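*Asks:* Requesting a structural model of the entry that follows:
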Amino acid sequence: MTNIRRISMIAALATTTVGLLGVAPAPLAATTLTVGVDCYSLGHGRLQCAADAGGGTAPYSYAWSPTPSAGGGSEGLAIIPCNPYQYRTVSVTVTDANSDTAMASGSFYCGDAV
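*Replies:* Predicted coordinates:
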């Protein structure tokens with residue numbers, strides 16, 4: 001009878017130990033840095049552009065092409081010069097706190113000169 005108890009206790013202990021070892025917290029999922037860009041005409045040869053960054057690790061920095069006449073930097077907003085009645089390609093590269101980058105671009109109509 002003593003051997004049966006020992007075997008039962010060892011089996012119970014092994015089951016408990018395996019159960020405890022099998023419960024591990026799930027690893028944190030990494031988020032991918034993403035960015036979108038949208039611009040609209042302000043008239044007078046200017047586009048107002050906004051970059052929408054997500055994922056990654058804040059804070060973000062923004063590098064615009066062409067170089068903005070105002071804005072840029074860390075806010076995700078920029079005023080881009082353009083020729084009236086023509087399309088202008090605008091690109092933005094976002095860098096997060098971990099030096100990960102994402103890029104977006106689009107072609108936007110500049111509108112009239114008024």
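*Asks:* in the protein, which spans are strands?
*Replies:* Under the criterion DSSP state E, strands of the chain are mapped to 34-43, 46-54, 61-65, 70-71, 77-81, 87-95, 101-109.
*Asks:* would a markdown table of these with mean neighbour count and mean pLDDT be doable?
*Replies:* Quick note: C-beta positions are derived from backbone N, CA and C, even for glycine. Formatted as a markdown table, those follow (neighbours: other Cβ atoms under 10 Å; pLDDT from 0 to 100):
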| stretch | mean neighbour count | mean pLDDT |
| --- | --- | --- |
| strand 34-43 | 16 | 96 |
| strand 46-54 | 19 | 96 |
| strand 61-65 | 17 | 96 |
| strand 70-71 | 14 | 94 |
| strand 77-81 | 20 | 97 |
| strand 87-95 | 18 | 97 |
| strand 101-109 | 15 | 98 |
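*Asks:* Contacts for stretch 88-103, please.
*Replies:* With contact meaning Cβ atoms under 8 Å, 6 or more residues apart in numbering, stretch 88-103 is reached by 32-35, 37, 39, 47, 49, 51, 53, 56-66, 76, 78, 80, 82, 104-108, 110.
*Asks:* excluding its backbone neighbours, what's nearest Tyr87?
*Replies:* Leaving aside its sequence neighbours, Tyr87 sits nearest to Ser107 (Cβ to Cβ, 6 or more residues apart in numbering; 4.7 Å).
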